[in-house]
Structures are given as structure tokens and as C-alpha cells.
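model this:
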Amino acid sequence: MSDQDFNHPHDTDEHDRHTRDRDDSTDQDNTGQANDAPEWLAEEETSAYEASSSEGFRSDGEEVNSLISASDALPERIYLLPIHNRPFFPAQVQPLVINRERWEETMRRVGNTPHHTIGVAFVGEAGLDGLSEDDFPEVGTAVKVHKLKSEDEQVQFIAQGLQRFKIQRWLSRTPPYLVEVSYPKEPVDAENEETRAYAMAIINGIKELLPINPLYGEELKHYLNRFSPNQPGPLTDFAAAITSAKGPELQDVLATLPVSERMQKVLPLLRKEIDVAQLQSEISEQVNAQMQERQREFFLREQLKVIQRELGISKDDRENDVDTFRARLEHLTVPERVQERIDDELNKLSVLETGSPEYGTTRNYLDWLTCLPWGVTSDDKLDLSHARTVLDRDHDGLKDVKERIIEFLAEGTFKGDVGGSMVLLVGPPGVGKTSVGRSIAEALGREFYRFSVGGMRDEAEIKGHRRTYIGAMPGKLVQAFKDVAVENPVIMLDEIDKLGQSYQGDPASALLEVLDPEQNVDFLDHYLDVRMDLSKVLFVCTANTLDSIPGPLLDRMEQIRLSGYIAEEKVAIAKHHLWPKLLKRDNLNKKRINLTDAALRQVIEGYAREAGVRQLEKQLHRIVRKAAVKLLENDQQSVKVSINNLEEFLGAPIFRKEKVLKGEGVVTGLAWTSMGGATLPIEATKVHSLDRGFKLTGKLGDVMQESANIAYSYTLGHLQAHGADADFFDSAFVHLHVPEGATPKDGPSAGVSMTTALLSLARHQSINRPLAMTGELTLTGQVLPVGGIREKVIAARRSDIFEVILPEANRRDYAELPDYITDGVTVHFAEHYQDVADVVFG
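Next comes the predicted model:
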């Protein structure tokens, strides 16, 4: 808005007098009509009122009026324009923008009036739709409309505040709103000392605002063009108008007619505005200072770079990168083919622009190539006594496993290293496979790196992505080399039996190259695209079962079985490892929580009977948590956990002592599961004698059902040979059941047990002593070998069965068992079923 948009009030005296004459006559006529009119004007009355004069304003936006003095006569009837942002003050001159569709008719009628005056009323958050007279304040501001312009959906005009009005009567309660108003006097004593003091305070406040924000100066210029600074009323309104106070506060100021009271309300608002403006100014100065300092530092650094470059004492980012990569290679023994690739990439990097995408790709590639430990190896500690110390310190039990590891290291002593070996640790969950791998690395003095391949479905996790892809990265093996910084670490591939397969490739097939000593000498990662030597790496893999591992992959690994722990081993592990670790983790000592040996054994037998010790650790942790609560709540110095109060900590035992089933047709078999060994009771009974029949239940798998049919056929054909009635099955319907019917069961090792159950039924002779057996049976009565001998013997001991029957072909497996497993066990080896019958029935 430029200065020429408004004329000084003294230039419009003659025009204003002419306008006043017309307004007076018009107002008198309209007042007379309104005395007999209804509550609001009819359309004809309103039109007549508007049509009383149409000169001086046109809807095309052409300006025909200039600023008028606030002291000029004002109409008694005006149209209302509601606003919701903040009230409009008499001392203000500023543009207003309104919705064309909603207020076009109102502005047209205002343009047809001789005075071109409209009343602006603050309605706050009531909104502009569906307003009632209660939404309008009693006091508003009459404004003169200048420079009306229509643009698209908006109407814009310059509003010149004239004087406060007070609504006396509503003539139209729907848009366009028309009201009768009065213009109340504003009591003021300009000579009063208090008024002058407030006026000086307001003037000083305005002076403080002027240097902070130049916009205040522009508004002050328009104010001085219309009012004298010695007029306290307009001065107070102007001070309120330039503040950023909320609408209701400003409306309260607008509705306050006595000038002295109004000044008392405005001065705090002005002071608050000064404080906010000063704070904004300080923030701006701080931001500008920081920006200037950064710009100054940036320019100085750039100048320094140019100067140093001219003097030959500095290098740019590209040269720094090249020098960094070359410095990494100084202490490495890089193969010739790899060095050629690095040199080519460095030459390419030196000519690329640092901002190009190719530069970033090449730099990342060189970063990976130069971070790898080419030719860097650690010295192996091939000391068997040290290895034994480490293994015994970290693990109780597992004597056979430790011996296998010592044998493995002894062989490496003669070879000079143990690189290029692939060890597979197989066993149930919680038996310590991962910790054994860590102990092997510590015994050798090598770096250890573990990553799980369980659920891996993308071969790029092993062999890397090709560099053509966005976000390409090397495989896990290359990342392992970067982390350990040597070429001969111990790398553990955890959960190798749970590898997945998808459309993205087969990770198990990718591992064939990694785990083959003949191929991993030249392992090729897709991202690096150079050959790497993996022959110095000792790979340790872990698995729960062998069934899901592909044959070619299994063939490349040396298997070491971790079969599980017996109760004595678990007691030792709990005392030496689990219990001290739990107490240390919770910052407790053995004196505060005393766990007796009898209670510990009951925890093992009644709550944690699995092959591993993971469940045992959880139960011991429960004891520690509940004991900590007792220490705090009861203010006790110590808590004793014995077999008498163990149920207070763990509840009722999960496992009861297994009762060996006895009777005709009842036999205890032995089975192997992924969780370790288990006893398998088998029951056979005669249902009726109406006809011959054979029924199987117990959720048996296909192989186990075939074993049952073989057992039935063999028994049926050899009843007389084993001392039973040859006609027993001719009219007997036999039902054979394996308890725990909800648990799936499969495998061939129950053939001998099922045959014995059927023969016991036919001979009417029960087995009256604790006896368990396992073995696969053929139709000719041959007893074939089975797996899991260690687990099965442990399961028999756990059930207090110390007499077992095993296949003759498993004699070697039994002989390899440690003494603490075989002590007290009577074993019978059977090559033919007749050997089994002789042991069972005599």
C-alpha cells in the first residue's frame, strides 16, 4: 500500500461537508421510515435506503473516495461485516480480504450508500456461517471502504477505521446484516495528570517497538496522517492495534469507552509486546550471528584450501580418499590379482567428480577392498593342556566331546594349523553348542565371529549382491573378515539345519563352495568380484538335527554329537556356571540366597528334565527373583531354598517320577527326539475273540506303522517257536497303542519293543522287572542297528531303568559311552529276536 492510496484528511473537507449534508438528509428519511417498520426492514425498504444515492462508488473497484476524518458525521444505519481474527480499531487503516460469494451482496449494498461505511464486528471463533445476533458484540468499529477490488473468489478493500459504534436495533438478522447504531462518546480528560502519564508511557512503549520492527514505523506514519499524537483516545487504540494480543483481549479494549480505563488495559499488552519483540530480536541476532560465523568459517576454509593447493601443501577430497586407501594397503599382503583390481579402481576414482554417483559407488567398493585383512593372520595356540583347561573351565560333562576337540587340535599340531576344517556340532537345544564353539576359538587363540543362518532364504547373504544393484553389499563372510581383521578366524554358522529356500536362491547350495576345502581357496563374493582364500578359516556349524541338512552339505562337515546331560552333569553345571552367573547378574552373593543340593536336584528332576540346561537356567532365575522379593519385603538377611519350601518358589513339579508300566502286553521302549532321549511305553491288548484283527493308535508315522505291521507278522509266524499258543491270533482282535497320543511319533527303532509286547500278550506273561529295549526288526527276525544310543541310555537311567537291550551292531556305540553313563547299567546285545526273547522271557 503506497502513500498516494490515501489523501490527507485536510484535503477532503469540502467533499466531506457535501457528504455530510447528504447523509443527514438520508438518515432523517430512513429514521422516519424505521419507526413504523417491523423488526427488520423489508426488501423494498432496504433497496430504497440503498438507492438514496449511488454516486461515489462503483462495483468495478474504481476509487472515488479518499480518507475522511473520524470526526465527520456517520450514518445511523450500517451494514455489518463479521470478522473472526481480531477486532478492528478506529485508529487503523489496513486492507481486508473477504469471501466474495458470501459478502458480495453486502459490499454491493455498501457501495450503493452515500457514505460507503460498514460496521466491522469481531465474532471470535463462532465462525461466519449461521451467525445470530447473540454472536455479535455490542461494540464494533465503523470503517470507510476504499479501493474495492474483486479477484477470483475474494473481495479486497482498504478499511479506514472511523469510530466505535454501539448496536441499538437489528434491522436484518440475515446477511446482509443491517443494524441501527449509535456512536458513544469517549470520556477523556486530556489535562488530567494520570492520563498524561499513561499517554507518555504508551508513547515511550511505541518508541521502543519502532527500532525492533520496521513495520511498526509504517503503521505509525498512517496514524500520524490522521490523528494528533496528543489525542489519548486514538493513541490508545493505535497502541492496542499494533500488539499481537488475542482477539478477546482486544475486543475488551475496544468495548472500554472511558479512555483512562482503556489506557490501563492497553499498557500491559504493549509491554508484553515489547518483551516478545525483544526476545524475537535476540533470537534473530543469535541465528544471524551463527550463520555469519559459519559463512565466515566456510569462506576462510575455502580460501585456505585454494592457498594450500596453490602452494602444493594440501589435497582435495578425492586425493585424500586415494591416499587413505593406499595407506591401508601398506601393511597388507595383497594378492596380485586383487592389487590389479584395486589399482584400476583407484585410477578411475582419481578422474571422477566427487559429486557424481559413480564416485560414491567406486569409493564404497574400494573401502571394502582395502578394509579386508589381506595376508593378516593370528598365531594359533596349539597347546593341548591350555585347550583342556579352557574346555574344562567353560563346560562340565561332555567328556567325549572334549576328547574329540582335543584330538582335532592334536592333529592340527602336526599339520601346523587347523584351518580348512569344518566341524558340525549336533545336539538338542540348550546343550552348549554355541559356547563350545566360543571355547574352541579361545583355546586356539583365534578371533570368533558368529552369525545365524536359520531362516536365511537369499544366497546373497552368503555370496553378496552384485554391484549393479542400488544398496549392494558384500556377503556375511566378507563382513566377518572386516570385523575380525584376520584371515584365520573361527566362524560359527549357527542353526545350519534351518536354512530356507526361495525364489531368491538356495543358501545351502551357496554354502557348498564355502565349506568345501577344495573350492573355498578361491571363494568369489559377487560384490567384491575378486577371489578370496577361506582355507585358513575354521568353520564351526551347529544343528539340532541332521534330517534337514542337504546330503552334499552334510558330507563336507565332521560331525561331533552333543547328546545331552544326565542329572549329575546338570548338577555340576548349575553349581559351577548357572547359579553363580545368575547371582552375579543380580548383584547378590551365595550367603543371601542359599540353594541346597537336594533342592537343586529336585529342580532338575521335577522342573527341567530336558536334554539341555536352558530350562534349568530359567527355573533357577525364577528362584532368584522370588527370593529377592522375600529379601526386600520381609527385611531378611538371607533366604534358604530347600526341598521343603521349593514349591513356594516354583509351584508344583512339572514332571513326576516316571512310573514304568507293567502287565501283560506292556513293554518299555527307547526313543530319540530332537530334545534328547525318552522312554516309550508300548501297550498291546486283546479286544475280543470274534474275529482276527489288528489296530494301531498313538499318532504313529508311516515308518512306525510299518514297524508295527512287521512285528505283528513276525509274531504271528513264530508264536510256537517262542512258547506261545500257535492259534492265539486266529480269533483275537489285537489293539496296539503307544501312549501320549497327541505327540507325533515315527522311526524304525520300536520294532523289537512292539514284537515283545505282542509276544507278552500271546504268552500271557508280563515283564516284572525294569527293562527297556530298542532296535529295528526285520521279517526274518534280524535286529538291525539304530541311532541315538547315548540319548536312549540316558533316558533309561533317568527313569531308573538299569537294564537295556540293544542291537549287536550298536555294541561299538555303547563302548564309546563314558563310564559315568554306563556305570550300573546291564546291557544285552541282540543279533536276532531270539536273543531278545531269551533275555525277556528266559
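
all contacts plus neighbour counts: C-alpha atoms, from now on.
Will do.

Could you look up the SS state of the closest residue in space to residue 664 that isn't next to it in sequence?
Nearest non-adjacent residue to residue 664, counting by CA to CA, 6 or more residues apart in numbering: residue 766, 4.2 Å away. The three-state assignment at residue 766 reads coil, by DSSP: H, G, I helix; E, B strand; the rest coil.

how many other residues sit next to residue 766?
Neighbour count of residue 766, defined by other CA atoms under 10 Å: 18.

so what pLDDT did it get?
At residue 766, the pLDDT value in this model is 89.

Next: residue 57.
So, for residue 57, pLDDT stands at 37.

what does residue 640 give?
For residue 640, the model assigns a pLDDT of 90.

got it, and the one 4 residues further on?
Here, the pLDDT recorded for residue 644 equals 89.

Low-confidence bits of the stretch 701-842 of the chain, can you list those?
741-742 (pLDDT under 70).

mind running it again at 90?
Residue ranges of the stretch 701-842 of the chain with pLDDT under 90: 701, 717, 719-732, 739-749, 764-769, 787-801, 813, 816-824, 841-842.

can you pull out the strands in it?
733-737, 772-773, 776-777, 783-784, 803-807, 826-830 (DSSP state E, counting those that start in this stretch).

now those strands in a markdown table, with mean neighbour count and distance to residue 582?
Listed next are the strands of the stretch 701-842 of the chain as a markdown table, based on neighbours: other CA atoms under 10 Å; distance: least, CA to CA, whole Å:
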| stretch | mean neighbour count | distance to residue 582 |
| --- | --- | --- |
| strand 733-737 | 20 | 44 |
| strand 772-773 | 28 | 38 |
| strand 776-777 | 26 | 45 |
| strand 783-784 | 24 | 46 |
| strand 803-807 | 24 | 38 |
| strand 826-830 | 18 | 39 |
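
Switch those strands over to CSV; also include distance to residue 662.
Formatted as CSV, the strands of the stretch 701-842 of the chain follow (distance: least, CA to CA, whole Å):
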stretch, distance to residue 662
strand 733-737, 14
strand 772-773, 12
strand 776-777, 22
strand 783-784, 24
strand 803-807, 15
strand 826-830, 20
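
Residue 756: which of these is closest?
Among these, the nearest to residue 756 by CA to CA is strand 772-773 (9.5 Å).

Which residues does that closest one contact?
With contacts defined as CA atoms under 8 Å, 6 or more residues apart in numbering, strand 772-773 is touched by 667-670, 679, 752-753, 796, 801, 803-806.

Among these, which pair sits farthest apart?
752 and 801 (17.4 Å).

The residue nearest to residue 664 contacts residue 759, correct?
No - counting by CA atoms under 8 Å, residue 759 is not a contact partner of residue 766; they are 9.7 Å apart.

shared neighbours of those two, which are they?
residue 665.

Could you verify that residue 98 is part of a strand?
Yes - looking at residue 98 with three-state DSSP, it is inside a strand.

pretty sure it is touching residue 152, no?
No - when contacts are counted by CA under 8 Å, residue 98 is not listed as touching residue 152 (11.4 Å).

Which parts of the stretch 151-300 of the chain are helices?
Secondary structure of the stretch 151-300 of the chain (DSSP state H, counting those that start in this stretch): helices at 193-212, 214-224, 232-241, 247-255, 259-311.
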